[in-house]
Structures are given as C-alpha cells and as structure tokens.
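J.: Got a predicted model here, sequence first, then my questions.
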Amino acid sequence: TILGPQEVDTDMGRMSAIAVETRATWSDKNVEYQMASTVWWAPGVGIVRYLQVVGSKDGTSSVLLRLKSHSMKSQ
C-alpha cells in the first residue's frame, strides 16, 4: 500500500520520502504470525528508512534501518 509522502528522520537529518507498507500473516506449527513493514523512498536517493515488525502471541520483534550517508556517483 502506498501511504504517500511523509517526513522521516535519518542520520542525515529529516527527509521527505514516499512511504510504502506491506503486511502479511502466516502460521507455522499452530502459531499465527503477523508482519508489517514500511519502506520510505526519497526521490534521487532511494531507501532512506525501513521498519519491519513481526509478532505472534509470544511477543514481537522489530528492525529499524536509517540512512547514514548518501552521495551521488557519476557515470
């Protein structure tokens, strides 16, 4: 799902980016799991932030990645 433009924090400061969300559910050995991830894309930069949360009745786990640096490369 495209959530649209949002302002996010990175190690380079705040940036405007387009948020895209993915959700999924599955089961394994009678345990139900849910996953939600959001990727923020900045024009001319690429991925500037990524968040994934996975949960079940036993708890949740999350991963957060933020852009540390960016430089344009000449071709």
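T.: Looks like it arrived, so ask away.

J.: host element of the most centrally placed residue in the chain?
T.: The chain has residue 50 as the residue nearest its centroid, 2.5 Å off, counting by C-alpha atoms, centre = their mean. According to DSSP states H and E, residue 50 maps onto strand 46-56.

J.: before we move on, what about residue 25?
T.: Per DSSP H and E: strand 13-28 holds residue 25.

J.: What's opposite the residue nearest to the centre of the chain in the beta bridge?
T.: residue 39, residue 65 (DSSP bridges).

J.: my guess is it contacts residue 37, does it?
T.: Yes - with contact defined as C-beta atoms under 8 Å, residue 50 counts as touching residue 37 (7.1 Å). To be clear about C-beta, it is placed using only N, CA and C from the backbone, and glycine gets the same treatment.

J.: just to revisit the earlier point, ok now the strand holding residue 50, how far from the chain's centre?
T.: 3 Å (C-alpha atoms, centre = their mean, to the nearest Å).

J.: Next, the angle from it to strand 13-28.
T.: When axes from the mean of the first three to the mean of the last three C-alpha atoms, to 10 degrees is applied, the directions of strand 46-56 and strand 13-28 differ by 40 degrees.

J.: So what's the model's average confidence on strand 46-56?
T.: Averaged across strand 46-56, pLDDT comes to 94.

J.: Repeat that for stretch 17-35.
T.: 94.

J.: ok, and what's touching it?
T.: Outside stretch 17-35, the residues that touch it by C-beta atoms under 8 Å, 6 or more residues apart in numbering are 1-8, 36-43, 48-49, 52-58.

J.: change it to 6 Å
T.: Residues outside stretch 17-35 that contact it (C-beta atoms under 6 Å, 6 or more residues apart in numbering) are 1-3, 5-6, 8, 36-42, 48, 54-56.

J.: Show me what counts as buried in that stretch.
T.: Buried residues in stretch 17-35, defined by neighbour count with 16 or more other C-beta atoms under 10 Å: 17, 19.

J.: Output it in CSV with nothing but the alpha carbons.
T.: The C-alpha trace of stretch 17-35 is given here as CSV (Å, rounded to 0.1, in the frame of the first residue of the first chain):
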residue,chain,number,x,y,z
ALA,A,17,10.0,10.4,1.4
ILE,A,18,7.2,8.2,0.0
ALA,A,19,6.1,5.5,2.4
VAL,A,20,5.2,2.0,1.1
GLU,A,21,3.7,-0.5,3.5
THR,A,22,3.5,-4.3,3.2
ARG,A,23,1.5,-6.6,5.6
ALA,A,24,1.4,-10.4,5.8
THR,A,25,0.1,-13.1,8.0
TRP,A,26,1.1,-16.8,8.2
SER,A,27,1.1,-19.8,10.6
ASP,A,28,3.7,-22.3,11.5
LYS,A,29,3.2,-25.2,13.9
ASN,A,30,-0.2,-23.7,15.1
VAL,A,31,1.3,-20.3,15.8
GLU,A,32,-0.1,-17.3,13.9
TYR,A,33,2.3,-14.6,12.9
GLN,A,34,1.8,-11.0,11.6
MET,A,35,4.3,-8.9,9.8
